[in-house]
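Requesting a structural model of the entry that follows:
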Amino acid sequence: MENIILKLDKLNYSYQDGGYERVILKDLDAEFERGKFYTILGPSGSGKTTLLSLISGLDNPKSGSIYFNGKNILEKGLHKYRRNDISIVFQQYNLIPYLTGLENVMVAMSETDNKLPKDKKGVAYALLEKFGIVKSKANRSINQLSGGEQQRVSIARSLAKNVDLIFADEPTGNLDTATEQEIVNIFKTLTKDFNKTVIVVTHSNAVSELSDQRLLLKDGKLIKL
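Now for the predicted structure:
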């Protein structure tokens, strides 16, 4: 299908735990469409973080393949894939603390080979404002922003690279319920207004219920809910 942006084909992952082989993923298959918001649920230890590491090119499966736009990410090169095709939003924000929100977004723009507008500063301000960070706040040190504001900066940063695929690891885990709702609305905006594919690993049913497709990682496989 032309609309499939990410395809997982028979992924297997395990590790040695003492004398025991602990199987995390078992012949896992999945397809993700462009312009959709997905959530992956599962109890602690089910392998959600491992799966996120694999699809973001930070680790390799024991066997199986991952395809981005029909091409195996190993053939593309994991560094190029991470640099030009994906962004990750973290629970802890992972922003550079001694920079402003604006500077954090502009750093991301310097870390891709993708074509970007010439007026990078103007684009960065516009992205931040789109997600509720006005210019006066964009020029503040990250440490002067609330958790919710830092996560908004993190999302603006993820979009600044002009990638098609955005992953998020428990992105609302440190936020209150009202802010969580606002962040989920931003993810929905990314898919509907920007045609991005957003895949969120979460423990939150409130987040999951608002996604286009809910998936449960259970017994090493992804199950549609």
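
Okay, now the sheet partners of the helix or strand Asp27 falls within, with direction.
Applying DSSP states H and E as the criterion places Asp27 in strand 20-33. As defined by DSSP bridges, the strand partners of strand 20-33 come to strand 4-17 (antiparallel).

from the middle of its chain, how far away would the partner strand be?
17 Å (C-alpha atoms, centre = their mean, to the nearest Å).

and the longest helix for this protein?
In the chain, assigned by DSSP state H, the helix with the most residues is helix 177-194.

picking that back up, next SSE after the strand holding Asp27?
Assigned by DSSP H and E, the successor of strand 20-33 is strand 37-41.

chain center to that following strand: distance?
Worked out by C-alpha atoms, centre = their mean, strand 37-41 lies 10 Å from the chain centre.

average pLDDT for that strand?
Averaging pLDDT along strand 37-41 gives 97.

got the angle for it vs helix 177-194?
140 degrees (axes from the mean of the first three to the mean of the last three C-alpha atoms, to 10 degrees).

got the contact list for the nearest residue to Ile5 once chain neighbours are set aside?
Counting by C-beta to C-beta, 6 or more residues apart in numbering, Ile5 lies nearest to Arg34, which is 4.6 Å off, once chain neighbours are set aside. For glycine as for every other residue, the C-beta is placed from the backbone atoms N, C-alpha and C. Applying C-beta atoms under 8 Å, 6 or more residues apart in numbering, we find Arg34 in contact with Asn3, Ile4, Ile5, Asp164, Asn195, Thr197.

which of the residues you listed sit farthest apart?
Ile4 and Asn195 (14.0 Å; C-beta to C-beta).

where do the strands sit along the protein?
4-17, 20-33, 37-41, 63-68, 71-72, 86-90, 165-169, 197-201, 213-218, 221-224 (DSSP state E).

contacting residues around the residue most central in space within the chain?
For the chain, the residue nearest the mean C-alpha position is Phe167 (1.2 Å; C-alpha atoms, centre = their mean). Going by C-beta under 8 Å, 6+ apart, Phe167 touches Leu52, Ile55, Ser56, Ile86, Ser87, Ile88, Val89, Val198, Ile199, Val200, Val201.

hmm, 10 Å instead?
Residues counted as contacts of Phe167 (C-beta atoms under 10 Å, 6 or more residues apart in numbering) are 6, 38, 40, 51-53, 55-56, 86-90, 158, 197-201.

same deal with Leu8?
25, 28-32, 51, 54-55, 61, 64-67, 222.

Please produce a ChimeraX select command covering the buried subset of these.
If you want just the buried ones from those in ChimeraX, going by 16 or more other C-beta atoms under 10 Å, the selection is:
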select :25,28,30,32,51,54,55,61,64,66,67,222
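
quick one on the thing from earlier: dump the strands of the chain into TSV; add distance to Leu78 as well.
What follows is the strands of the chain, written out as TSV (distance: least, C-beta to C-beta, whole Å):
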stretch	distance to Leu78
strand 4-17	14
strand 20-33	18
strand 37-41	21
strand 63-68	10
strand 71-72	11
strand 86-90	10
strand 165-169	14
strand 197-201	17
strand 213-218	22
strand 221-224	22
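
Return the most buried member of those strands.
When the strands of the chain are scored by mean count of other C-beta atoms under 10 Å, the highest mean neighbour count falls to strand 197-201 (a mean of 25).

Return the list of helices and strands in contact with that one.
Other helices and strands packing on strand 197-201, by 3 or more C-beta pairs under 10 Å, 6 or more residues apart in numbering; DSSP states H and E, are strand 4-17, strand 20-33, strand 37-41, helix 48-55, strand 86-90, strand 165-169, helix 177-194, strand 213-218.

Many thanks, have a good one.
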